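Trainee: I'd like to go over a predicted model; first the sequence, then the structure.
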Amino acid sequence: MKIVVIGGTGLIGSKLVTKLREHGHEAVAASPNTGVDTLTGKGLADALKGASVVVDVSNSPNWEDGAVMRFFETSTRNLLSYEAAAGVGHHVALSVVGTDRLLESGYFRAKLAQENLIKAASIPYSIVRATQFFEFVRGIADLSTVGNEIRLPPVFIQPMAADDVASAVGRVVVGTPVNGTVEVGGPERFRLDQLVRTGLAARNDPRKVIADPTSRYYGVAVTDNSLVPDPGARFGTTYFANWLSESAPQVTAAKLQPTTETGAMKV
């Protein structure tokens, strides 16, 4: 089966292309780097010839409110138009758990607009909403750093490894369109401040993480359940302690203890 992966050279896309090829599929990595531009339509017609499924795991290069909305609306409209012309039978898009609860953010308003365009189109579809990735924990810390302090709301979060995200998307890609949304998350639930504190400790980062209920997540006010999947979600298999031990070898799993409250790990 020919599967075109839009954003196929990025973090999730490259992993997804590899996994699909390992299972015998003709997976095409489509991105500006390979001559395919969803904003202009350049290269789309050729890339989609003979495709059964198109998977969109692309992301906007600019998160300014207007720019990110233009990216997701324009690229999604172009994709759906070219897919209809090519006879594509399944459109799969990667989105974010909690998108409709985080609409203070222009980014999440744009993701919701993307989802709505997909739902309104004639092509059978599946939307995969994933929780935050382990790989972005440091980025959350950097965005919230003032001086040597990081203030974060102590709300629940259920992050997952990028490799598990790619696997989850891959299973949806080769299945029947759900014409709805599938949520995926990690196998553990943390408090956000606890997660970041553990991730920084693994890299001997001296910044101090402070649980501050008045602080925001990417500029958005969040509640305990804003960032976690709804009941019925599917879960990855990679635990944060194991991922840390592989990505930051100086820290051993022996430093981490499970918490009764969250079933997560803490220093």
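Mentor: That came through fine.

Trainee: and Ala45, what element?
Mentor: Taking DSSP states H and E as the criterion, Ala45 maps to helix 44-48.

Trainee: and that helix, which residues are buried?
Mentor: Neighbour-count burial for helix 44-48 flags 44, 47-48 (criterion: 16 or more other Cβ atoms under 10 Å). Using the backbone N, CA and C atoms, a C-beta is placed for each residue, glycine as well.

Trainee: and the helix or strand that that helix is followed by, what other elements does it pack with?
Mentor: Per DSSP H and E, helix 44-48 leads on to strand 53-56 as the next helix or strand towards the C-terminus. On a contact count with 3 or more Cβ pairs under 8 Å, 6 or more residues apart in numbering; DSSP states H and E, strand 53-56 meets strand 2-6, helix 65-86, strand 90-96, helix 162-173.

Trainee: quick check: mean pLDDT of the helix holding Ala45?
Mentor: Averaging pLDDT along helix 44-48 gives 97.

Trainee: okay, it in CSV with CA atoms only?
Mentor: Taking Å, rounded to 0.1, in the frame of the first residue of the first chain, the C-alpha atoms of helix 44-48 are listed here in CSV:
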residue,chain,number,x,y,z
LEU,A,44,1.5,17.3,-4.2
ALA,A,45,-0.1,15.9,-7.3
ASP,A,46,2.9,13.8,-8.2
ALA,A,47,3.5,12.6,-4.6
LEU,A,48,-0.2,11.5,-4.2
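
Trainee: in the chain, which spans are helices?
Mentor: 11-22, 44-48, 65-86, 106-120, 137-143, 162-173, 192-201, 240-247 (DSSP state H).

Trainee: quick one: distance of the shortest one to the chain centre.
Mentor: Meaning helix 44-48. 25 Å (Cα atoms, centre = their mean, to the nearest Å).

Trainee: out of the helices and strands packed on strand 53-56, which is closest to Pro213?
Mentor: Pro213 lies closest to strand 90-96 among the helices and strands packed on strand 53-56, at 22.5 Å (Cβ to Cβ).

Trainee: buried residues in stretch 55-73?
Mentor: Taking 16+ other Cβ under 10 Å as the criterion, stretch 55-73 shows 55-60, 68-69, 71-72 as buried.

Trainee: before we move on, what about stretch 159-174?
Mentor: Neighbour-count burial for stretch 159-174 [16+ other Cβ under 10 Å]: 159-170, 172-173.
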